[in-house]
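Novice: just the structure for this:
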Amino acid sequence: MNVKVHKINLKKDYKNIANLCFLILLSLLIVSCMPMNNENVNTELFENKEQMRVKTAELQRGMSKAQVFDVLAVPTEKFATMNTEDIQKTIYGNSQVQGTPDQLEKFRKRMMAYEGYSLPYRHVESKGSLGFGKMKVDKTGHDLQLLLVFENARLLKASVVGNEDIQLSEDKYLWNALLKGGMGRVF
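Specialist: Numbering: from 1, shown residues only. Below you'll find the model as predicted:
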């Protein structure tokens with residue numbers, strides 16, 4: 001009867017355990033050091049959301065486009081052009097139109113005299129904390145839009161709309177983050 005005796009090499013086993021612990025700690029370190037995505041869109045244009053509201057309140061109905069953009073001190077190329085449906089929602093609150101064909105044609109012609117511009121203004125900070133097997137991400141800030149509607153090149157409406165106070169909390173599991181962020185950097 002042949003019996004194989006398996007020798008235990010404690011030095012080698014301790015070394016393997018130490019390497020495993022090092023890899024686990026390194027993985028956690030990589031995940032915990034992953035940068036949070038702070039979102040800043042056009043935040044350089046105004047000091048804060050209150051200044052944007054103050055400048056918008058200074059705008060008077062009937063001002064020319066040049067006057068409006070001078071008061072705001074924002075280059076026109078920063079604004080996106082609004083489509084007809086968005087202009088209609090800004091002015092009337094919805095995009096549903098009902099009436100006779102003649103009324104609808106008059107309404108369409110009136111809508112052709114409108115020009116609309118929108119400027120997104122977003123500042124969202126993300127902070128993360130590690131838990132067992134997951135990372136909790138808290139997001140705070142605001143997501144606003146400055147809307148301008150002109151009729152025949154004169155200001156008809158200026159408003160600030162959107163979410164004033166974002167407070168979100170989400171859980172991200174470490175394994176997914178490790179596979180996407182940490183392991184991808186290693187290989």
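
Novice: which elements pack onto the longest strand anywhere in the chain?
Specialist: Ranked by number of residues, the top strand in the chain under DSSP state E is strand 154-173. Applying 3 or more Cβ pairs under 8 Å, 6 or more residues apart in numbering; DSSP states H and E, one finds that strand 154-173 contacts helix 49-57, helix 65-72, helix 84-92, strand 114-130, strand 134-151. In short, each C-beta sits where N, CA and C put it, glycine included.

Novice: figure out the length between the terminal residues of stretch 49-64.
Specialist: End-to-end distance for stretch 49-64: 24 Å, by Cα to Cα, to the nearest Å.

Novice: what's that stretch in contact with?
Specialist: Here stretch 49-64 makes contact (Cβ atoms under 8 Å, 6 or more residues apart in numbering) with 45-46, 68, 71-73, 121, 123, 142, 144, 146, 148, 153-160, 164.

Novice: for the residue most central in space within the chain, phi and psi?
Specialist: Nearest to the mean C-alpha position of the chain, by Cα atoms, centre = their mean, lies residue 39 at 5.4 Å. Here is the backbone geometry of residue 39 (degrees, to the nearest 10): phi -100, psi 120.

Novice: beta partners for it?
Specialist: Counting by DSSP bridges, residue 39 is bridged to residue 124.

Novice: so residue 111 makes contact with residue 87?
Specialist: Yes: with contacts counted by Cβ atoms under 8 Å, residue 111 reaches residue 87, the gap being 7.0 Å.

Novice: so those two - more neighbours on which side?
Specialist: The neighbour comparison of residue 111 against residue 87 (other Cβ atoms under 10 Å) goes to residue 87, with 24 against 16.

Novice: who touches that one in this structure?
Specialist: Residue 87 sits in contact with 111, 114-116, 149, where contact means Cβ under 8 Å, 6+ apart.

Novice: go with 7 Å
Specialist: Counting by Cβ atoms under 7 Å, 6 or more residues apart in numbering, residue 87 touches 111, 114, 116, 149.

Novice: pLDDT score for the first one?
Specialist: So that's residue 111. For residue 111, the model assigns a pLDDT of 89.

Novice: relative to residue 156, how far out is it?
Specialist: Noted for residue 111: a distance of 12 Å to residue 156, by Cβ to Cβ, to the nearest Å.

Novice: next: residue 79.
Specialist: Going from residue 79 to residue 156 by Cβ to Cβ gives 15 Å.

Novice: next: residue 70.
Specialist: Going from residue 70 to residue 156 by Cβ to Cβ gives 18 Å.

Novice: again with residue 123
Specialist: In this view, residue 123 and residue 156 are 28 Å apart by Cβ to Cβ.

Novice: good, wrapping up.
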